[in-house]
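> heads up, no residue letters with this:
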């Protein structure tokens, strides 16, 4: 995570709880379409920056939302009864093992606030999701970044980091990993969890599981009480604008998380939309198939352009481009938004969301034109 510039602040009497809060840099989201239109006057914009689902969401979601419009003056069900029941059936798990969140980021924050104090350590990988060091600093805890192996998690080194830091409380693992798209096998993850003290919570961030069902490690919950699986409806389900995610864990862990969770952290509309989206697995199968086809097409195009990329198991790809910041800017000026990765220590790379065919062709045509003019 990039460090802040040196700023003279008069903090008295508003001194933050932890000095590490001053090291935080606000999370940089993908540039909004509206902002690009204002800056460059571009009306035909393709956004491939935030790993959103370019196919949208299930048509049943629209109906579910419409049915809730007459109830907006009423608070949502703070317990999320119907969505929890649907998730319990879908994941073959008890309702008591589920925690709902305002997106998966909310759940990562709840996990840190529940289990991590200023005297503790949190382990995560280099090139891992940038929210992990953020929630660690928010708690004033010690973040331990373990060097990546081939742009993915080095579980052997992460195990050693846990041994070297006896005050470790959480280990964050994204699978598939964002932003690199790498994936860990079931066997190596199980071996890792089995080697970790039961007092250390292993958080598996499966935000992209629908794009790669092989990354489903739900079975670990039946064997280990110190595993938490966090998922979201923002990606394949196409509900990024509604903010809803969920965590699967032991009942004891879920009980603690639900004590910290805000009582109405998921809106009425989001609860209904998520339940409708979950029920339409035919749509998710179509999304997965389209993503696989378009990802293979992009791989061929990047090969033809002589660009290196990391083999991805999600709905995005990380591409190495000479003078990536300049290429990113040139793409912006022509109405194509991708994600620069300097904040991850990957300044020579861009992350590209796998869109629908039309969007991907626009990206490649624009990129080819920019590179041929260099």
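Right, received. Where do you want to start? Quantities reported herein were computed from a predicted structural model and do not represent experimental measurements. Numbers count the residues shown, from 1 in each chain.

> what residues does the helix or strand where residue 163 lies touch?
Here residue 163 is covered by helix 155-164, with elements defined by DSSP states H and E. Contact with helix 155-164 is made by 123, 125, 144, 146-147, 149, 168, 171, 173, 184, 188-189, 191-192, 195-197, 200, as judged by C-beta atoms under 8 Å, 6 or more residues apart in numbering. All C-beta spots, glycine's among them, are computed from the backbone N, C-alpha and C.

> From these, list just the buried residues.
Buried by 16 or more other C-beta atoms under 10 Å: 123, 125, 144, 146, 168, 171, 173, 184, 189, 192, 196, 200, out of the contacts of helix 155-164.

> follow-up on the earlier one: so after the helix holding residue 163, what's the next helix or strand?
Per DSSP H and E, the first helix or strand lying C-terminal to helix 155-164 is strand 168-174.

> Pull up the pairing partners for that following strand, direction included.
strand 121-125 (parallel), strand 201-205 (parallel) (DSSP bridges).

> low-confidence ranges in the stretch 1-150 of the chain?
In the predicted model of the stretch 1-150 of the chain, residues 1-13, 24, 26-31 satisfy pLDDT under 70.

> now the helices for it?
For the stretch 1-150 of the chain, the helices defined by DSSP state H, counting those that start in this stretch cover 33-40, 59-68, 81-91, 104-115, 131-138.

> Compare the ones you listed and give me the one nearest residue 311.
Closest approach to residue 311 among the helices of the stretch 1-150 of the chain (C-beta to C-beta): helix 131-138, 22.8 Å.

> Quick one: residues in contact with the closest one.
1, 18, 20-21, 23-24, 27, 105, 108-109, 111-113, 116, 122, 124, 142-143, 145, 172.

> quick one, it and strand 168-174 angle?
Here helix 131-138 runs at an angle of 160 degrees relative to strand 168-174 (axes from the mean of the first three to the mean of the last three C-alpha atoms, to 10 degrees).

> Quick check: the nearest residue to residue 115 once chain neighbours are set aside vs residue 199, distance?
Among residues not flanking residue 115 along the chain, residue 169 sits closest, at 5.1 Å (C-beta to C-beta, 6 or more residues apart in numbering). Going from residue 169 to residue 199 by C-beta to C-beta, to the nearest Å gives 8 Å.

> Same check on residue 366?
51 Å.

> and if you look at residue 182?
For residue 182, the distance to residue 199 equals 28 Å [C-beta to C-beta].

> For the helix holding residue 163, give the mean pLDDT please.
The average pLDDT for helix 155-164 rounds to 98.

> Over to stretch 199-219?
Rounded mean pLDDT across stretch 199-219 is 96.

> all helices in the stretch 201-350 of the chain, in order from the N-terminus.
Ranges of helices in the stretch 201-350 of the chain, per DSSP H, counting those that start in this stretch, are 251-260, 268-279, 281-304, 324-333.

> hmm, back to that, just the buried ones from the contacts of helix 131-138?
1, 20, 105, 108-109, 111-112, 116, 122, 124, 142-143, 145, 172.

> Now do the contacts for the nearest residue to residue 237 once chain neighbours are set aside.
Spatially, and ignoring its direct neighbours in sequence, residue 237 is nearest to residue 277 (4.3 Å; C-beta to C-beta, 6+ apart). Residues in contact with residue 277, defined by C-beta under 8 Å, 6+ apart, are 57-58, 60-61, 233, 237-239, 283.

> between the residues you listed, which is nearest residue 360?
residue 238 (17.3 Å).

> Below-threshold pLDDT in the stretch 151-300 of the chain: ranges please.
Applying pLDDT under 70 to the stretch 151-300 of the chain flags no residue at all.

> Distance check, the most centrally placed residue in the chain against residue 314.
For the chain, the residue nearest the mean C-alpha position is residue 207 (5.3 Å; C-alpha atoms, centre = their mean). Distance of residue 207 to residue 314, computed by C-beta to C-beta: 8 Å.
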